[in-house]
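**Q** Structure for the following, please:
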Amino acid sequence: MSATVPILELRRVSKKYRKDLPYAVKDLTFSIEAGVFFALVGPNGAGKTTTLHMITGGILPSEGEILINGIPLAQITSKERAKIGFVPAEPSYYPRTVKGSQLLHFKGQLIGMTKSESLQYASEFLTELDGVSLLEKKIGTLSTGERQKIAFTLAFLGFPTLLVLDEPVSHLDPFSREIIYDKMKQFVNNGGTILFSSHSLIEVERLAQRIGILHQGTLVEEANLKELLEKYKSRIIEMTVSDPSKFENALTSNNIEYTRTDALFRIPYVNLKEDSRRIMAILCQHSITVYSMTPSTISLEELILSRKLV
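**A** Now for the predicted structure:
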């Protein structure tokens with residue numbers, strides 16, 4: 001494959017579920033190079049899950065084209081499609097009487113693995129998640145978190161080149177979540193590509209290299225995460241003080257802009273030295289003690305909530 005060909009490309013992809021409904025996704029165009037951790041974020045109904053299901057072939061687009069390694073999705077063979085790992089937000093498998101080991105063996109067959117190879121890999125993967133016993137349990141008896149562990153094992157099976165993950169760790173316990181985070185980062189470090197969606201913007205900022213922001217089915221921003229935060233950054237002084245109520249009144253009376261979350265104040269500044277002196281003068285005037293005072297910059301969560309992008 002040529003290095004210039006993206007591993008995934010969407011060209012003006014749109015989806016309408018019914019003619020009388022608005023577009024769930026409209027004119028979506030972006031591409032992802034190999035070895036990139038790419039996140040799709042946006043509010044409920046933005047089109048994230050629809051987009052991911054179109055990429056994995058579960059939903060057909062109404063318009064546009066999706067390419068994997070430069071090949072239209074419709075032309076991808078079943079064996080090649082099976083090399084795309086997918087973890088849905090609510091993993092459900094039918095019939096519900098099937099065992100985890102049977103699911104792993106079935107997928108292994110699709111990608112050319114023997115039964116023993118599939119089960120050995122699954123056992124090693126699930127050992128880290130304290131979930132080996134899930135292999136011999138019927139899917140219908142598993143909790144959502146346990147099914148998510150099976151889903152991740154299926155997704156990583158056979159060393160895929162692309163992982164598509166929809167709210168991938170939403171039902172995992174904190175211990176398992178950290179293990180999966182490490183596996184995802186290692187996968188990308190080894191040249192794999194991940195496209196995932198998450199409502200946890202802290203999670204996105206921790207993991208992603210590039211980000212696409214969806215709003216009402218349209219891509220409103222797509223950029224390197226660090227570049228995006230730099231583009232929209234705002235300079236902030238974060239403070240905690242001895243008397244938050246008195247400090248709030250003092251800021252208000254001096255016409256100083258601020259936001260407050262419990263005891264934490266966040267005050268925008270233009271010139272750190274001059275604005276800090278002004279704030280310190282107010283503190284001294286009102287006999288308020290400073291507990292902490294730290295310059296900061298905007299986070300991804302604050303950027304999204306500020307609605308600067310929509």
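
**Q** C-alpha only now, for contacts and for neighbours.
**A** Will do.

**Q** for stretch 190-208, the distance to its chain's centre please.
**A** Mean-position distance between stretch 190-208 and its chain equals 4 Å (Cα atoms, centre = their mean, to the nearest Å).

**Q** Longest helix in the chain, by number of residues?
**A** Ranked by residue count under DSSP state H, the longest helix found in the chain is helix 174-189.

**Q** Name the surrounding residues that touch that one.
**A** Gly35, Val36, Phe37, Glu128, Leu129, Val169, Thr193, Ile194, Leu207 (Cα atoms under 8 Å, 6 or more residues apart in numbering).

**Q** Adjacent strands (with direction) for the next helix or strand after it?
**A** Next along the chain after helix 174-189, taking DSSP states H and E as the criterion, comes strand 193-197. Partners of strand 193-197 in the sheet, by DSSP bridges, are strand 37-41 (parallel), strand 162-166 (parallel).

**Q** got a markdown table for these, with mean neighbour count, mean pLDDT and distance to Ser242 too?
**A** A markdown table is the format used below for the strands paired with strand 193-197 (neighbours: other Cα atoms under 10 Å; pLDDT from 0 to 100; distance: least, Cα to Cα, whole Å):
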| stretch | mean neighbour count | mean pLDDT | distance to Ser242 |
| --- | --- | --- | --- |
| strand 37-41 | 25 | 95 | 38 |
| strand 162-166 | 24 | 96 | 44 |
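
**Q** which residues does Ile211 contact?
**A** Phe38, Ala39, Leu40, Val41, Glu221, Glu222, Ala223, Asn224, Leu225.

**Q** wait, the fourth one sits on Lys48?
**A** When you say that, I think you mean Val41. Yes. Judged on Cα atoms under 8 Å, Val41 makes contact with Lys48 at a distance of 7.1 Å.

**Q** Could you pull up the mean pLDDT of stretch 289-307?
**A** Averaged over stretch 289-307, pLDDT sits at 75.

**Q** what's near enough to touch Ala39?
**A** Contacts of Ala39 by Cα under 8 Å, 6+ apart are Leu195, Phe196, Ser197, Ser198, Val204, Ala208, Gln209, Arg210, Ile211, Gly212.

**Q** Relative to Glu257, how far out is it?
**A** 32 Å (Cα to Cα, to the nearest Å).

**Q** one step back: and of the strands paired with strand 193-197, who's closest to Met239?
**A** strand 37-41 (29.5 Å; Cα to Cα).

**Q** need the next SSE after that closest one, C-terminal direction.
**A** Past strand 37-41, the next helix or strand by DSSP H and E is helix 48-55.

**Q** residues in contact with that following helix?
**A** Taking Cα under 8 Å, 6+ apart as the rule, helix 48-55 contacts 15, 24-25, 40-42, 59-61, 66, 73, 164-166, 197, 214, 217.
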